[in-house]
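K.L.:
structure here, sequence nowhere to be found:
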């Protein structure tokens, strides 16, 4: 079992409330003692989970949508205001009901994503032309956001998306080898979750992304050598891992198969048993690891509302916690293996638990002398709200000093250069965030993890 050593002198969680321990919320019954101990161990006031937690709703306007026209469209239909945040095209939506029934949502004018999750993407420090690996990509909101930044999403390429597949392949070969193109490779072990991700890509007409139905702890495959002009799902290995309705090319080529979707805009799904490549493939890697979800307010509200039955076994059981630590260590280590020298890896979870966050970072740094913890990205750096200034950009974002972003600031984590978002301090759902780079072995110094 991989068991990272806990930090012997953890910092106290920033600004914990001095509240009473509280009882179960309305309809929630008595809070499990194990969960009470878990909260106390991580410096979180128990009373914070004694009632349903309200968190602001955030939405993003896709890059293919005209910004100002879409803002007016959404505000008119939903009869509310879109409040700008520190990130381009991410807005605080002052609406507490479901948005799935609105035309602006159905048509793809907006999609929901928590600001903390969007800041995890911003922490990658993306720009056009990068190859990015999203190692736990489903359900896909972050992957779509990444693709919009690094890959070509222009209208001309959108026209190619709907063309017949043979024409698209010919067009892709005409692109100059010297032309820089970006991509995002999404990996997830859950087939149904991956299908949800693909459907999201189709709805928002995302280009430059491919999906692998694979184990993120073992995935090791190079970025694409030509621009991605279709939404594809690939599988490395045996055909039994491929979604249903595949057609085998031949009995002798057991490990090569194709599958064609009947859905509009889909392309051939190909499974390739040629897991080749060398270490250091992707300029950016996102590891949004599986966790106990105790910081996912949407998830925890279900227990607060409906009762805590089964919570201990599903969330905090010893076997569950042990397997999660093993999984998180394996995911971040494989993500680091796929990271190019000088690249950036972002590790995040929606847990408040130290052993799933700071301890995992310490484990990686101890295991890899060429791993170095970076300072937080400017958009997710805790700062003094008194320094905020009124300034907004025309692209729909506010500068990092903008006053309206101040209430969405994170707090420092239990170790230097890590940050934590939560509903009580940041006004977002819970998220832990850390950034790591890969340096040359000759540059490795004892102070690399400071």
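P.N.:
Structure's in. What do you need? What you see is a predicted model, and the numbers here were worked out from it, not measured in a lab. Numbers count the residues shown, from 1 in each chain.

K.L.:
wasn't residue 74 part of a helix?
P.N.:
Yes: secondary structure of residue 74, determined by DSSP: H, G, I helix; E, B strand; the rest coil: located in a helix.

K.L.:
which residues sit in contact with it?
P.N.:
Applying CB atoms under 8 Å, 6 or more residues apart in numbering to residue 74 gives the contacts 59, 61, 82, 104, 109-110. From N, CA and C alone the C-beta is placed, and that goes for glycine too.

K.L.:
residue 182 too?
P.N.:
Under the criterion of CB under 8 Å, 6+ apart, the contact partners of residue 182 comprise 128-132, 149-152, 208.

K.L.:
now it. Nearest residue, chain neighbours left out?
P.N.:
Sequence neighbours aside, residue 150 is the residue nearest to residue 182 in space, at 3.3 Å (criterion: CB to CB, 6 or more residues apart in numbering).

K.L.:
and that neighbour, how many neighbours?
P.N.:
23 (other CB atoms under 10 Å).

K.L.:
for the helix ranked longest in the chain, which outside residues touch it?
P.N.:
For the chain, the helix with the greatest residue count under DSSP state H is helix 318-337. The set of residues external to helix 318-337 that reach it, using CB under 8 Å, 6+ apart, is 1-4, 133, 135-136, 216-220, 279, 285-287, 289-292, 313-314, 345, 347, 349, 355-356, 360-361, 363-364, 367-368, 371, 436, 438.

K.L.:
quick one: buried residues of the first helix or strand past it going along the chain?
P.N.:
Remark: after helix 318-337, the chain's next helix or strand is strand 339-349, criterion DSSP states H and E. The neighbour-count check on strand 339-349 (16 or more other CB atoms under 10 Å) flags 339-340, 343-349 as buried.

K.L.:
helix or strand next in line after whichever strand or helix holds residue 304, which one?
P.N.:
Element membership of residue 304 [criterion: DSSP H and E] is helix 297-306. From helix 297-306 onward toward the C-terminus, using DSSP H and E, the following helix or strand is helix 311.

K.L.:
what's in contact with that following helix?
P.N.:
Contacts with helix 311, where a contact means CB under 8 Å, 6+ apart, come from 32, 35, 303.

K.L.:
from residue 49, how far out is the second one?
P.N.:
In other words, residue 35. The gap separating residue 35 from residue 49 is 8 Å, by CB to CB, to the nearest Å.

K.L.:
just want to know which of the two has more residues nearby.
P.N.:
A count of neighbours by other CB under 10 Å puts residue 49 above the other of residue 35 and residue 49, at 24 against 19.

K.L.:
gap between that one and residue 365?
P.N.:
From residue 49 over to residue 365 (counting by CB to CB), the distance is 32 Å.

K.L.:
tell me the least confident of the contacts of residue 182?
P.N.:
The lowest pLDDT within the contacts of residue 182 belongs to residue 152, which sits at 81.

K.L.:
so how far is residue 228 from that one?
P.N.:
10 Å.

K.L.:
in strands, which of the contacts of residue 182 appear?
P.N.:
The strands, defined by DSSP state E, take in 131-132 from the contacts of residue 182.

K.L.:
what's the ChimeraX syntax to select whichever of the contacts of residue 182 are buried?
P.N.:
With 16+ other CB under 10 Å as the burial test, the buried ones among the contacts of residue 182 are selected in ChimeraX as follows:
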select :130,131,132,149,150,151,152,208
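
K.L.:
need the contacts of residue 182 in CSV with distance to residue 382, can you?
P.N.:
Formatted as CSV, the contacts of residue 182 follow (distance: CB to CB, whole Å):
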residue, distance to residue 382
128, 29
129, 31
130, 27
131, 31
132, 26
149, 24
150, 27
151, 32
152, 35
208, 33
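
K.L.:
quick check, nearest of the contacts of residue 182 to residue 415?
P.N.:
residue 132 (25.7 Å; CB to CB).

K.L.:
quick one, what contacts that closest one?
P.N.:
124, 126, 146, 150, 182-185, 282-286.

K.L.:
where in the stretch 151-300 of the chain is pLDDT low?
P.N.:
154-179, 230-232, 237-280 (pLDDT under 70).

K.L.:
strands of that one, start to end?
P.N.:
In the stretch 151-300 of the chain, the segments counted as strands under DSSP state E, counting those that start in this stretch are 183-188, 209-213, 232-234, 247-248, 257-260, 268-271, 282-288.
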